[in-house]
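Asker: Provided below are the primary sequence and the corresponding predicted coordinates.
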Amino acid sequence: MSTVVNPDLNAKLVKFGNKSEWNECYHCGNCTAVCSLTENENLFPRKVIRQLQMGLKDKFNSNIDPWLCYYCGDCSETCPRDANPGEMMMSARRYLTSVYDWTGLSGLFFKSVPALIIAFVLVAVSIIGVGYAKQFNLESIMEFGHVFEKMLIFSVVVLILIPNIFHMFWLTIIKEKIKAPFLLYVKGIWDLFLHMFTQKKSLKCEKNTFRWFEHLLVVFGYILLLITTVFLNWFSTENTYIIWFGYIVGGLVFIITFDFILERVKKKKELSKFSHPSDWLFVIWLFLMGFTAFIVRILIDTDLISNNLWLYIVHLIVIAQWGILIVPFGKWTHFLYRSFAVYFANIKSAELNS
Amino acid sequence: MVKQNSRAVIFQERMNSGLEKLEQFAGEFPEVKEVWFATDFSMKDKKSLSTRIKENGVEKIIVAGRSPGELKSFVSASLADAGKNPEDLTLVSVNGTILSDGDLLSVFKAKILCAVKDVHFELASDSPGNEVNKKTLVIGAGIAGIQASLEIANAGIDVTLIEKTGTIGGHMAMFDKTFPTLDCAACILTPKMVEVGQHQNIELLTYSEVLDVSGEAGDYTVKVFKKTRRVDLATCIGCGDCTEKCPVNVPSEFDAGTTMRKAIYIPFPQAVPNKYILDGDNCTYVQKGKCGVCAKVCPVECIYLDDKDETIEIKVGNIVVATGFKTFDAEKVERFGYGKYPNVLTSLEFERLLNAAGPTGGSIVFRSKDKKGNGIFEANSDSPERIALIHCVGSRDENYNTHCSRVCCMYSLKMAHLVKEKLPDADVSEYYIDMRSFGKGYEEFYERIKKEGIDIIRGRTAKVEEKNGNLVLRSEDIEGMKLIEKEVDMVVLSVGLEPGEDSQKLAKSLNILTDDIGWFAELNSTNQTVNTVRGGIFVAGVCQGPKDIPDSVAQGSAAAARVIQSVINSKVKKGLSDLSYNDIETKVNELISTEE
Amino acid sequence: MEEKRIGVYVCWCGTNIAKMVDVEAVAAKIAKLPNVVIAKDYKYMCSDPGQEMIVKDIKEHKLNRVVVSACSPRIHELTFRKALENAGLNQYMFEMANIREQVSWVHDNREEATIKALDLVKGAVNRVNFHEALDKRSVDINPATMVIGGGVTGLSAALELADAGNKVYLVEKTGNLGGHVANIDLTFPGLNSAAEVLEPLIYKVNNHPEVEVYLNTTIDEVFGYVGNFESTIKSGGKEYELKFGNIIVATGLTPFDPGKISSYNYEKLPDVITSLELEKMLKEGNVVKKDGSEPKKIAIIHCVGSRNADYHEYCSRVCCLSALKFSNQLRSALPETNLFQIYADMRAFGKGCEEFYASTSKKDVMFLMYDQQGDLPRISKAEEDAGYEMGIEFYEKLSGEDIIVPADMVVLMVAMEAHEEAKEVAHAVGISLCGNEFYIERHPKLDPVATTTDGVYIAGTCQGPKDIPDSVSQAKAAAARILASIARGTVEVEVTTAVVNEDVCCGCQTCIKVCPYTAISFDEEKNVSVVNEILCKGCGTCGSACPTGAIRARHFTDEQILSQIEGLFSKEMQEV
């Protein structure tokens, strides 16, 4: 059955990235061949770009390949048409995120900066509202904050992330009529978590070793910070080990994220040349989370916190914006989709090869 | 007839760098009612212009700018929409890149004048011309220069042919066979070279370069730097005793570095003039004052080791520039490993390797190293079994050269065929983006090659690496929807063409223009492809832009036509940069009065 | 009678001949033939040292006949004849044996090929024994030129010649000058107005004192040869007898009829149009569908009639760039319309053309690749509620998908064909066509504008598809040749014409009936046939028809031909 090509998709895609034109590519195949991650089953970026150019929406929505790219920039650096395939892949990922997201908010936030600002302001106002309701009492606010964080994690996972992952599964596996035995899914679980936390695959890109290491530290730092603040109750604990542990982790996160921001400002590397608002939000908020947590704890330890309540509120706002907006609808999801993409891709190729 | 005072001029963009005067200038004509800018209108809505046309009673529109053609369809659609004649529209190209210096403002003004007065600029700029010196200079003795020289000389006109190297023939002499007919380059070129060498109307100055050009159309004085050959052309008998004894070994330019030559040498056995040449830069005697063995063994005493270079002056009426090209430096594309892996070759090296008169007598072998570590080819080495050819190396690539080099597709197909002919069992593969077999008989040739068992794969190779002593190339097979990781023994890079090293310098001394890439700019890309902005200076062949042999030959002849015509008329037409605004204005008035 | 001293030279032609023929053995064997004084082999006989060798040997060994066994005489007969002249020998004392095109290039058994080469050389040696010295005749060149075809090529050629003060007769079949360029709106890649180029040309030609323009005129027959042609043309009810020295044929092209490709439904679906029709619409500033409404989606299909063995195997060279040009123009005329390019290989090879392709790709144009040799796209009417008029269905090569391109208007980039009357003109002026009905040039690389008939040149698209700059270059190249010959004033012509032995001629006039060039007349007084050497092209038809053997074709005498055949079939040297 022939598919009708759709030139209008182009205009839609423009809103997801930093490229105003999607037809510059003349299909020499350089990007796919220069990429260290491509295999016969996963011919990206060229084939992905082709589907988007032609507006083959259904094919593209079921395509896992955009998630297998770790944006080392080789393709963009060597592209003979300066078509910037790396950035096209990035835009493709943003677009896919909006496809998977059942709420539709993801697409709205990627495309519209005003909507994003309104959402961020709303969250901030609500948190200040809560503070007002609690009469700006430090203890009750901190108590609220602690409960809020746990509730937030639970609801985001159950209401947004799990349904979206299932949607991804439906598009890429079920709709593609891949019928893999259950055992394959079980076997792949280890790999799923391995990739989720280590992004092992990105090591295949030669240039990525340092970045991979930084990334690994951030992921672990972030998770540990999450554990220390949410589950070990860092801000309220008296345990010296936990306090120091939190300091180290918080410091780590904000140093590395600071470096990430710096790279995006300098635009020296291919992958940091183009920054979408969502990229800025991601790195800045990651930085702010570590930074504000770090400061709050210092203030607690120096007993200055009661005079600087607003700093905790800022921290809480950052956490809330991160948890309500960036994690379910922003770039954070890439962390999740990428890992599941590797998982699904392995299942798919195992099934296709059997 | 368009009514008076009903014209509008639309400038494509705000003029800058001294061109602002044009806006004012255009507005001062009584015929011009309105001066607009493209930015005044929404290009997405022709009504935005058509209403202005109707409101102002505009009957005719003049579009001026860098690329006025881009607006043309919008403007003619708007004219039609306003109920006017869509063909009452003139495009005026005021191109800052072609006409860059201050004098050219007058040319732009003249162009606008012509558009306003409904006179074709080409007619108005057609000058009666200067007296012409009958003698002609041709710079560059590749196939285009040879063709031009022969055409001109055959009309009984004296030609001085200047060639930078020691022999005429250019790149074509280096080739084995030529596409698509596969006749050998030497067979068709050497007779022409012989003819040049023997022609009574051609004075050949090899090993010489143009230093400076002064004067005007019809009367140019050219300073020529004559590097000394240190061998007397008249007495040298070409015996070769000197070469035999010469102790110096340097890579041979003619063999694209695939063999070594001596410091005293003949570029190749069929060279014209077929006389020895002493390369002072590499001669031990010239550099260090020692040796001189060649002069001692020479049986006719024709070697003058202490000869000095000289500068001479010649006076000519017309100049044909045919300086050709250089090939792209493949080392710039690191990921193909040229210079790192000995068996990654450029197409020019491979051309020599295929050549019956090349380093191995035409057998395809691995590159080996000589005692000093130079990569050379020896006839008794092993032959590769798997050869890959990669198209578009350094061409069609924003990182290197944006232009298409026009010949690589065809010569690569030809090479693939020659490999199959010499090594029938070889595994030959070609990697391309678009197959550009456009000329007469080319597509048919492509179809023929496809049937010869050669893998012709759409998808330019991305990298070549050495693994376990084999070259491994990685490419996408676009039509086959798969990746190719292929082990091969030899990789041939189809390098593109670039303007010659001295072309900018030459352009400056000739006072002609080059385009963004550095090719000499023609006066008009549609029908004045051999004229330049200067009268009596013509361009031909690849120095004007990449082209193949038939097209270079046609241009060589076309340039010759211009020269012959001017000599027959004893007048050479002035070029655009030789004309003043007043010259053109006078002509415009003349044309208008004859019309009436 | 003088002693016959023959020198034989066997060429290696690099490896061209040497790889399939044992050239050294051939030379060694031939050396033993009677009258052969010397037999040598050399890498490139045509090069300077090769020719020098012949000249030296002629002088040293007092050779009076030379055989070169190398490539086709079409390529190098003249080269070697000249070498003989340089050595002071009459140039007709030469014979060439073609052991490249007829032996090494077409065989794959080295031993048998060598024997065949030997046979051919034996024939040539036998023949050359009977060669006679002939003197070249030099004729004056009439400085006037006839240019056939009033397109941009013909106009450029005419001006180039007339501007040098020579008379030009410009003959155009239609009622207008300008040819196909007259219908073109803009040129690529500069998007300049084609009229800006063409109109000055036409103006200059019409106002040139040296150019006589004959519109609505065709050429039936041309007599004579280089330097002295003549023809009677009918124009406007009058007859003109024209005399001229050279001819430039610039008859141009005919667009391919897309109706031949049934899947495109040309003329069945209203909005499937040709590139020519779109050009007209653009010129008129009004790109609309047949119903008058604006097309929202326009698809342009490349290679219509080109690069496909069912229609034309060749590439038409200009369609890719014309299509890109259309995209630019349509983007300017209809900013909101979706544009599709359905192409095979994008051949943007000219100066500035690749850059033009790159800039066009940034103008929101969807490029789709189809297989021009496989299943061609099928254009069919879309369903009522589809939102577009037609669907173009094909396999897209870059994605590997079967797709449908929605379109309201489809533009077919039609191929260039040789002009429908190319054959008649070829016959009238005595030139040949290649397989594709385009005129064949003397040499595809080094002599693209000359033909094998002296004094007749070809230029522009009648020689093969090409764009305006290349056509104009050819026009000027052809003019250069003619200007050079005019400047010299005379030209040497072949003397291999027929002669009548009046003593033997019985006056039957059979020869007059068979002569294709009406070169033979009858002398009533003497009762014999007389050959007009100017008109005779030496085809030999009369000689073979003559019942009494009175007509002899010079350089092709019975003796020469028979001895060559004898040599060819002699039983000597049947092994290597």
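Answerer: Cool, got the structure.
Asker: contacts, neighbours, all on C-alpha from now
Answerer: OK.
Asker: now for stretch B:305-322, what's the gap between its first and last residues?
Answerer: End-to-end distance of stretch B:305-322: 32 Å, with C-alpha to C-alpha, to the nearest Å as the criterion.
Asker: can you give me the buried ones in it?
Answerer: Using 16 or more other C-alpha atoms under 10 Å in any protein chain shown as the test for burial, stretch B:305-322 gives B:305, B:315-322.
Asker: so, in contact with chain C or not, it?
Answerer: No. Counting by C-alpha under 8 Å from any C-alpha of the partner chain, chain C has no neighbours in stretch B:305-322; the shortest distance is 14.0 Å.
Asker: could you do stretch B:404-423 as well?
Answerer: Yes. Counting by C-alpha under 8 Å from any C-alpha, chain C is contacted by stretch B:404-423 at B:404-406.
Asker: tell me where chain C has helices.
Answerer: Remark: helices assigned in chain C by DSSP state H are C:23-30, C:48-60, C:73-86, C:110-128, C:152-162, C:194-206, C:275-283, C:319-333, C:353-360, C:422-429, C:468-488, C:510-514, C:541-545, C:558-569.
Asker: report the distance from whichever helix or strand residue A:294 is part of to the chain centre.
Answerer: Using DSSP states H and E, residue A:294 sits within helix A:277-301. Relative to the chain's own centre, helix A:277-301 is displaced by 16 Å; criterion: C-alpha atoms, centre = their mean, to the nearest Å.
Asker: run through who's touching it.
Answerer: A:110, A:113, A:225, A:234-235, A:246-247, A:250-251, A:253-255, A:257-258, A:260-261, A:305, A:308, A:311-312, A:314-315, A:318-319, A:322, A:326, A:330-332 (C-alpha atoms under 8 Å, 6 or more residues apart in numbering or on different chains).
Asker: CA atoms of the biggest helix by length in chain B as PDB?
Answerer: Criterion DSSP H: the longest helix present in chain B is helix B:549-569. The C-alpha trace of helix B:549-569 is given here as PDB (Å, rounded to 0.1, in the frame of the first residue of the first chain):
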ATOM      1  CA  ILE B 549      37.700  17.700 -23.000                       C
ATOM      2  CA  PRO B 550      35.000  18.300 -25.600                       C
ATOM      3  CA  ASP B 551      33.700  21.300 -23.800                       C
ATOM      4  CA  SER B 552      37.200  22.700 -23.200                       C
ATOM      5  CA  VAL B 553      38.000  22.200 -26.900                       C
ATOM      6  CA  ALA B 554      34.700  24.000 -27.900                       C
ATOM      7  CA  GLN B 555      35.600  26.900 -25.600                       C
ATOM      8  CA  GLY B 556      39.200  27.000 -26.900                       C
ATOM      9  CA  SER B 557      37.800  27.300 -30.400                       C
ATOM     10  CA  ALA B 558      35.200  29.900 -29.300                       C
ATOM     11  CA  ALA B 559      37.800  32.100 -27.800                       C
ATOM     12  CA  ALA B 560      39.800  31.700 -31.000                       C
ATOM     13  CA  ALA B 561      36.800  32.900 -33.000                       C
ATOM     14  CA  ARG B 562      36.800  36.100 -31.100                       C
ATOM     15  CA  VAL B 563      40.500  36.600 -31.700                       C
ATOM     16  CA  ILE B 564      40.300  35.800 -35.400                       C
ATOM     17  CA  GLN B 565      37.300  38.000 -35.800                       C
ATOM     18  CA  SER B 566      39.100  41.000 -34.200                       C
ATOM     19  CA  VAL B 567      42.200  40.500 -36.300                       C
ATOM     20  CA  ILE B 568      40.200  40.200 -39.500                       C
ATOM     21  CA  ASN B 569      38.400  43.400 -38.600                       C
END
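Asker: that helix - contacts with which helices or strands?
Answerer: Using 3 or more C-alpha pairs under 8 Å, 6 or more residues apart in numbering or on different chains; DSSP states H and E, the elements in contact with helix B:549-569 are helix B:143-154, strand B:318-321, helix C:152-162, helix C:468-488.
Asker: out of those, which is closest to chain A?
Answerer: Proximity to chain A (C-alpha to the nearest C-alpha) singles out helix C:468-488 among the helices and strands packed on helix B:549-569, at 26.3 Å.
Asker: one step back: tell me which of the helices of chain C lies nearest to chain A.
Answerer: Closest to chain A of these, according to C-alpha to the nearest C-alpha: helix C:353-360, at 6.6 Å.
Asker: between helix C:319-333 and the closest one, find me the angle.
Answerer: Counting by axes from the mean of the first three to the mean of the last three C-alpha atoms, to 10 degrees, helix C:353-360 lies at 30 degrees to helix C:319-333.
Asker: which strands and helices lie in contact with helix C:353-360?
Answerer: Checking 3+ C-alpha pairs under 8 Å, 6+ apart, helix C:353-360 ends up next to helix C:319-333.
Asker: now the helix it packs on: how far from the chain's centre is it?
Answerer: How far helix C:319-333 lies from its chain's middle: 31 Å, per C-alpha atoms, centre = their mean.
Asker: CA atoms of it as CSV?
Answerer: Once non-C-alpha atoms are left out, helix C:319-333 reads as follows in CSV (Å, rounded to 0.1, in the frame of the first residue of the first chain):
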residue,chain,number,x,y,z
CYS,C,319,16.2,19.2,-17.7
CYS,C,320,17.6,18.9,-14.1
LEU,C,321,18.6,22.5,-14.0
SER,C,322,15.4,23.7,-15.8
ALA,C,323,13.4,21.8,-13.2
LEU,C,324,15.3,23.5,-10.4
LYS,C,325,14.8,26.8,-12.1
PHE,C,326,11.1,26.1,-12.3
SER,C,327,11.1,25.4,-8.5
ASN,C,328,12.6,28.8,-7.9
GLN,C,329,10.2,30.6,-10.2
LEU,C,330,7.2,28.7,-8.8
ARG,C,331,8.3,29.5,-5.2
SER,C,332,8.4,33.2,-6.2
ALA,C,333,5.1,33.1,-8.1
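Asker: if anything else comes up later, I'll come back, but that's it for now.
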